[in-house]
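Trainee: here's my sequence, what's the structure:
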Amino acid sequence: MSSPYDASFWDQRYGTAGEDYVFGTAPNDFLARVADRLPAGPVLCLAEGEGRNAVFLAKRGHAVTALDQSATGLAKATALAGRNGVSLATVVADLAEYSIPAGAWAGIVAIFMHLPPELRRRVLGQVAAGLQPGGVFIFESYTPGQLAFGTGGPRDVALLPTLASLRPQLPGLTLEHAQELERDVHEGGGHTGRSAVVQILARRPR
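Mentor: Next up is the predicted model:
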């Protein structure tokens, strides 16, 4: 049986949805609220799935690279971009094997990117190094409190970080917004209802 770690799991989930988008086509609420704090320049979207956040940022004028382990998800992202009159660069890659280029990005975005603890630590260290001076990292994830809601996300508590665990994993960045909260999340059929999340906006000093 596939697990959420496997490309085959997401290929099947995105493919089974057909022309529907599992998490909808609108951007994540938190990203939409803080997107104007991204400086001009290229943006990397990690674990981007079917492309809703990448397309939103491309429509705002960013050159966006969408990375995901699911080729099926990224094909849908490309189709969504075309329907919105923008283009994306796409990279099919497992984050366990991908290295984020250092100093390359005005922004890096990770929305509901749930990774095992050691991989999360490694990826976030690369995120911190991957930003240009003044660059911004935008992150939202479910926390362990999400298990009480059951409205989306993994059921493995190891994949659900706390703010306290995330702070030391972003070396050299200034956390301009860092909060755990409960909020309503309505993103397609995949995320629906009251949720426990952590949100971070972090900037590399100039």
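
Trainee: show me where this structure has helices.
Mentor: Assigned by DSSP state H, the helices in the chain fall at 7-16, 29-34, 52-59, 71-83, 117-130, 163-166.

Trainee: of all those helices, which one is nearest residue 197?
Mentor: Closest to residue 197 of those, according to C-beta to C-beta: helix 29-34, at 7.9 Å. Bear in mind the C-beta positions are built from the backbone N, C-alpha and C, glycine included.

Trainee: now the closest one: how far from the chain's centre is it?
Mentor: Here helix 29-34 is found 12 Å from its chain centre; the criterion is C-alpha atoms, centre = their mean, to the nearest Å.

Trainee: quick one: residues in contact with it.
Mentor: 53, 56-57, 109, 111, 138, 140, 177, 183, 185, 197, 199, 201 (C-beta atoms under 8 Å, 6 or more residues apart in numbering).

Trainee: need the max-distance pair from the residues you listed.
Mentor: 57 and 183 (21.3 Å).

Trainee: between those two, which has more neighbouring residues?
Mentor: The neighbour comparison of residue 57 against residue 183 (other C-beta atoms under 10 Å) goes to residue 57, with 24 against 12.

Trainee: residues contacting that one?
Mentor: Neighbours of residue 57 in contact, by C-beta under 8 Å, 6+ apart: 27, 31, 35, 38, 43, 45, 64, 107, 109.

Trainee: can you check residue 115 too?
Mentor: Contacts were defined as C-beta under 8 Å, 6+ apart; by that measure residue 115 touches 95, 123, 159.

Trainee: one more time with 6 Å
Mentor: Going by C-beta atoms under 6 Å, 6 or more residues apart in numbering, residue 115 touches no other residue.

Trainee: what's the pLDDT at it?
Mentor: Residue 115 carries a pLDDT value of 96.

Trainee: any idea how far residue 72 is from it?
Mentor: Going from residue 115 to residue 72 by C-beta to C-beta, to the nearest Å gives 20 Å.

Trainee: which of the helices of the chain sits most buried?
Mentor: Highest mean neighbour count among the helices of the chain (mean count of other C-beta atoms under 10 Å): helix 52-59, with a mean of 24.

Trainee: residues contacting residue 124?
Mentor: Residue 124 sits in contact with 169-170, where contact means C-beta under 6 Å, 6+ apart.

Trainee: buried set for stretch 57-67?
Mentor: Using 16 or more other C-beta atoms under 10 Å as the burial criterion, the residues of stretch 57-67 that qualify are 57-58, 60, 62, 64-67.

Trainee: so what's the backbone phi/psi at the residue nearest to residue 188 when sequence neighbours are not counted?
Mentor: Counting by C-beta to C-beta, 6 or more residues apart in numbering, residue 188 lies nearest to residue 24, which is 3.5 Å off, once chain neighbours are set aside. With angles defined as degrees, to the nearest 10, residue 24 sits at phi 80, psi -180.

Trainee: so residue 24 makes contact with residue 187?
Mentor: Yes - under the criterion of C-beta atoms under 6 Å, residue 24 makes contact with residue 187 at 4.8 Å.
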